[in-house]
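Visitor: Take this sequence and fold it.
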Amino acid sequence: MIYERFDADSIVDSDDARFEYFTEKVFPKIKDSIQGGIMLFVSSYFEYVRIRNFLKSQNASFCLLGEYTKQSDISRARVWFFEGKRKIMLYTERAHFYHRYKIRGIQNLIIYSLPERREFYPEIVNMLEGSHNMTCTAIFSRFDQFRAGEDSRKPASKKDGGIREECFCFLLEVSSIRTASNSLSVRSAFCLRELFVKCCI
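Guide: Below you'll find the model as predicted:
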């Protein structure tokens with residue numbers, strides 16, 4: 001699990017800062033890679049529209065699965081994604097809330113923004129079940145600790161000497177995070193969230 005931190009001056013500026021970080025740091029890696037099976041998860045419809053329009057402007061190979069996507073288009077998108085005819089799938093939290101789709105073919109999960117409902121976190125990560133050479137990356141700022149359940153009254157602390165890491169990688173033994181059903185347990189997923197919170201401050 002890799003967490004990439006971006007800078008934001010305030011919580012008001014965090015949406016624009018997140019988008020800028022994605023377009024300048026994350027998307028170029030996607031664009032230059034030959035790998036498909038990239039699931040891009042967003043928590044809000046505003047982010048969905050913004051990323052959709054950006055992908056269109058880049059002539060990216062992508063399909064959509066949002067709360068307002070027609071059922072016929074959803075079925076087509078899932079097939080295209082699984083067969084590799086579309087490189088990226090843009091997936092919203094509300095679509096997950098209503099349908100809990102099983103998406104096949106995911107090799108790289110990118111969490112553009114953490115889900116509003118914290119119980120969705122292990123469900124989203126479990127979408128990688130059965131994938132080979134899977135990777136999972138979450139983009140965050142120090143303000144995302146509020147969404148992760150941290151007390152908003154707690155001030156952010158500074159690293160000693162003013163040195164701050166921008167990328168964190170958590171490696172766990174597969175046997176320690178898999179349940180009998182070969183899925184990431186809720187407890188283990190929440191542990192990852194707690195590690196994430198500590199990176200925010």
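Visitor: and His133, what pLDDT?
Guide: Check again: residue 133 is Asn, not His. You'll see Asn133 listed with a pLDDT of 72.
Visitor: Against Asn133, how distant is Val26?
Guide: Separation of Val26 from Asn133 (CB to CB, to the nearest Å): 19 Å. From N, CA and C alone the C-beta is placed, and that goes for glycine too.
Visitor: Compare these two (neighbour count), which wins?
Guide: Val26 (18 against 8; other CB atoms under 10 Å).
Visitor: residues making contact with stretch 14-23?
Guide: 4, 6-9, 46-47, 50-51, 54, 112-113, 139, 141, 143-144 (CB atoms under 8 Å, 6 or more residues apart in numbering).
Visitor: average pLDDT for that stretch?
Guide: Here the average pLDDT along stretch 14-23 is 95.
Visitor: Render the CA-only coordinates of it in PDB, please.
Guide: C-alpha atoms of stretch 14-23 as PDB (Å, rounded to 0.1, in the frame of the first residue of the first chain):
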ATOM      1  CA  SER A  14      -7.100  20.900  -1.000                       C
ATOM      2  CA  ASP A  15      -9.400  19.900  -3.900                       C
ATOM      3  CA  ASP A  16      -7.500  22.000  -6.400                       C
ATOM      4  CA  ALA A  17      -4.100  20.800  -4.900                       C
ATOM      5  CA  ARG A  18      -5.200  17.200  -5.200                       C
ATOM      6  CA  PHE A  19      -6.200  17.600  -8.800                       C
ATOM      7  CA  GLU A  20      -3.000  19.400  -9.600                       C
ATOM      8  CA  TYR A  21      -0.900  16.600  -8.000                       C
ATOM      9  CA  PHE A  22      -2.900  14.000  -9.900                       C
ATOM     10  CA  THR A  23      -2.500  15.600 -13.300                       C
END
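Visitor: Buried residues in that stretch, which are they?
Guide: Neighbour-count burial for stretch 14-23, with 16 or more other CB atoms under 10 Å as criterion, is recorded at 14-15, 17-19, 21-22.
Visitor: mind putting those residues in JSON lines, secondary structure and distance to Ile103 included?
Guide: Output for those, formatted as JSON lines (DSSP: H, G, I helix; E, B strand; the rest coil; distance: CB to CB, whole Å):
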{"residue": "Ser14", "secondary structure": "helix", "distance to Ile103": "27"}
{"residue": "Asp15", "secondary structure": "helix", "distance to Ile103": "25"}
{"residue": "Ala17", "secondary structure": "helix", "distance to Ile103": "28"}
{"residue": "Arg18", "secondary structure": "helix", "distance to Ile103": "23"}
{"residue": "Phe19", "secondary structure": "helix", "distance to Ile103": "24"}
{"residue": "Tyr21", "secondary structure": "helix", "distance to Ile103": "25"}
{"residue": "Phe22", "secondary structure": "helix", "distance to Ile103": "20"}
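Visitor: With distance to Arg86 as extra columns, can I get those in CSV?
Guide: Putting those into CSV (distance: CB to CB, whole Å) gives the following:
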residue, distance to Arg86
Ser14, 29
Asp15, 26
Ala17, 28
Arg18, 24
Phe19, 22
Tyr21, 24
Phe22, 19
